[in-house]
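Enquirer: have a look; sequence and predicted model below, questions after that.
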Protein chains: 2
Amino acid sequence: MTMTPQIEAFVYHFGEMGSRWGFNRTVGQMYALIVLSEHPLCANDLSEALNISRGNVSMGLKELQSWRLLQEKRVPGDRKEYFTAAGSIWDMAIRVLEERRRREVEPTLSVLRDTLLVAPANEQEVYAQEKMQEIHDLLELCSGWADELLTMPPQKLKTLMRLGSGMGKVLEFTDKLTLRGPEN
Amino acid sequence: MTMTPQIEAFVYHFGEMGSRWGFNRTVGQMYALIVLSEHPLCANDLSEALNISRGNVSMGLKELQSWRLLQEKRVPGDRKEYFTAAGSIWDMAIRVLEERRRREVEPTLSVLRDTLLVAPANEQEVYAQEKMQEIHDLLELCSGWADELLTMPPQKLKTLMRLGSGMGKVLEFTDKLTLRGPEN
DNA sequence: CTAAGCTTTCAATAATTTCTGAAAATACAG
DNA sequence: CTGTATTTTCAGAAATTATTGAAAGCTTAG
């Protein structure tokens, strides 16, 4: 397992970005390499290609699996476990978003809900609760919308995204509908 | 400056989540406290309330300003600088998203564009480039869509988000339109 | 059952990030 | 200007996070 300079460039870049996506450098590198490899890779391949210890690879694989990003492959007569990326690039994006919502947004919503149940004890808390309510409502709105989008068939979602500025027009139309709808 | 237990709970929680949003614990705490405070806070208020050094506060404020999240207030006859949150909660969300796209997605797109300009040198790179092209296209689609959404008047965006499952129906309608449109 | 081939675990260590506090720089009232 | 209040900077310390590697734990072919 050796990486070509091109592949190496992307793998290292993705490693740097990794922390932004919720995992650390080596986990990012591992995933990038797996995604770019046509054939399944085993732990040793990763360890050698990325120059990281076998133990680190093991932990990284566990992490990637907790994100449901890997597909395990077994080769008959070979005891090693091999891995490829689970699903398409689109699937990967959806899984990362789902998982991040679960890990980042839900806990915050939970804290906010708890806090908002308690009556404000003074002037200061009245204001703070107003703000927390706003944050709560915004997060809940976004979270619900994300749900909606993520469960949509990918093809439909792509259509929606490609609508571009057309979306404004569509909205003017639906605006009129929802004003007469059950909510509002 | 003392925090009530309620406010403290949220401030600390937001500190923990902070790293997910692109800044560190104390910067997250500082921002949460500023958002929840009705009155402008100065560096000393933050330093005392959060038990962090004056120097740390100074760096944190600089960081928050680079995200365009603070509004500076000056009190006549007082040399200190005071800060409040810039804009509404909604504005804050939009700024964080804008900034994150700039800091996280753009660099990746740039690396991908560069890499995709070079002809694949072998079998392995042919496959890798296919995948990188897919990633590039997805990122660009999302990035362009985010642009669209973020420049939309907030009221319109809220309407769109509240559409919920109605969006599927709207899409079936627009599907027919775009099939006849200039693209596709 | 046994032993070889892999994987996992985890204490120790390394690397990175964050934080402090004192000194330097800046801003401003008088 | 001057003197003081305030902010910024940054080298070193502390805290956190990531990584290693050796030992223990599985798994499976024979």
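Expert: Happy to help now that I have it. Numbers count the residues shown, from 1 in each chain, chains lettered A, B, ... in the order given.
Enquirer: list the contacts for A:Arg20?
Expert: For A:Arg20, the contacting residues are B:22, B:100, B:103-104, by C-beta atoms under 8 Å, 6 or more residues apart in numbering or on different chains. In short, each C-beta sits where N, CA and C put it, glycine included.
Enquirer: now render those residues as JSON lines, adding secondary structure and neighbour count.
Expert: Formatted as JSON lines, the contacts of A:Arg20 follow (DSSP: H, G, I helix; E, B strand; the rest coil; neighbours: other C-beta atoms under 10 Å in any protein chain shown):
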{"residue": "B:Gly22", "secondary structure": "coil", "neighbour count": "17"}
{"residue": "B:Arg100", "secondary structure": "helix", "neighbour count": "16"}
{"residue": "B:Arg103", "secondary structure": "helix", "neighbour count": "13"}
{"residue": "B:Glu104", "secondary structure": "helix", "neighbour count": "15"}
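Enquirer: dump the residues you listed to JSON lines, plus pLDDT and distance to DNA strand C.
Expert: Compiled in JSON lines, these are given as follows (pLDDT from 0 to 100; distance: C-beta to the nearest atom of the strand, whole Å):
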{"residue": "B:Gly22", "pLDDT": "87", "distance to DNA strand C": "10"}
{"residue": "B:Arg100", "pLDDT": "91", "distance to DNA strand C": "15"}
{"residue": "B:Arg103", "pLDDT": "91", "distance to DNA strand C": "14"}
{"residue": "B:Glu104", "pLDDT": "90", "distance to DNA strand C": "14"}
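Enquirer: dump the residue contacts of A:Leu157.
Expert: A:Leu149.
Enquirer: report pLDDT for it.
Expert: What the model reports as pLDDT for A:Leu157 is 89.
Enquirer: ok, the one 3 residues further on next?
Expert: If you check A:Leu160, the pLDDT there is 88.
Enquirer: A:Leu163 now?
Expert: The predicted local confidence for A:Leu163 comes out at a pLDDT of 83.
Enquirer: next one: A:Gly18
Expert: A:Gly18 is assigned a predicted lDDT (pLDDT) of 89.
Enquirer: what of the one 5 residues further on?
Expert: At A:Phe23, the model reports a pLDDT of 92.
Enquirer: for the residue nearest to it when sequence neighbours are not counted, grab phi and psi.
Expert: If the residues on either side of it in the chain are set aside, A:Phe23 comes closest to A:Glu63, at 5.9 Å by C-beta to C-beta, 6 or more residues apart in numbering or on different chains. A:Glu63 has phi and psi values of phi -60, psi -50 when expressed as degrees, to the nearest 10.
Enquirer: my read: A:Glu63 touches A:Arg25, true?
Expert: No: with the criterion set as C-beta atoms under 8 Å, A:Glu63 and A:Arg25 do not qualify as a contacting pair; they are 12.0 Å apart.
Enquirer: measure the closest residue to DNA strand D within chain A to chain B for me?
Expert: With distances taken as C-beta to the nearest atom of the strand, chain A approaches DNA strand D most closely at A:Gly55, which sits 2.2 Å away. Counting by C-beta to the nearest C-beta, to the nearest Å, the gap between A:Gly55 and chain B amounts to 25 Å.
Enquirer: likewise for A:Leu46?
Expert: According to C-beta to the nearest C-beta, A:Leu46 and chain B sit 16 Å apart.
Enquirer: residues near that residue, how many?
Expert: Neighbour count for A:Leu46, taken as other C-beta atoms under 10 Å in any protein chain shown: 26.
Enquirer: is it correct that it is in contact with A:Arg54?
Expert: No: A:Leu46 lies out of contact with A:Arg54 (C-beta under 8 Å); the separation is 9.2 Å.
Enquirer: and the longest helix belonging to chain A, does that touch chain B?
Expert: When chain A is parsed with DSSP state H, its longest helix is helix A:123-150. Yes: residues of helix A:123-150 contacting chain B under C-beta under 8 Å from any C-beta of the partner chain: A:124-125, A:127-129, A:131-132, A:134-135, A:138, A:141-142, A:144-145, A:148.
Enquirer: can you pick the most crowded of these?
Expert: Going through the residues of helix A:123-150 next to chain B with other C-beta under 10 Å as the criterion, the one with the most neighbours is A:Ala128, at 25 neighbours.
Enquirer: was I right to think that residue contacts B:Pro5?
Expert: No: in terms of C-beta under 8 Å, A:Ala128 does not count as a neighbour of B:Pro5; the distance is 11.4 Å.
Enquirer: contacts only, for the residue nearest the centre of chain A.
Expert: Centroid-nearest residue in chain A: A:Val96, 1.9 Å away (criterion: C-alpha atoms, centre = their mean). For A:Val96, the set of contacting residues under the criterion of C-beta under 8 Å, 6+ apart consists of A:21-22, A:67, A:69.
Enquirer: export stretch A:79-94 as CSV, just CAs?
Expert: Once side chains and other backbone atoms are set aside, the C-alpha atoms of stretch A:79-94 remain, and they are given as CSV (Å, rounded to 0.1, in the frame of the first residue of the first chain):
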residue,chain,number,x,y,z
ARG,A,79,-8.5,-14.1,8.4
LYS,A,80,-8.2,-10.4,8.0
GLU,A,81,-11.1,-8.0,8.0
TYR,A,82,-11.3,-5.7,4.9
PHE,A,83,-13.2,-2.5,4.7
THR,A,84,-14.8,-0.3,2.0
ALA,A,85,-16.9,2.9,2.3
ALA,A,86,-20.5,2.1,3.1
GLY,A,87,-22.7,3.4,0.4
SER,A,88,-22.3,6.3,-2.0
ILE,A,89,-20.7,9.7,-1.3
TRP,A,90,-24.3,10.9,-0.8
ASP,A,91,-25.0,8.3,1.7
MET,A,92,-21.8,9.2,3.6
ALA,A,93,-22.9,12.9,3.7
ILE,A,94,-26.3,11.9,5.1
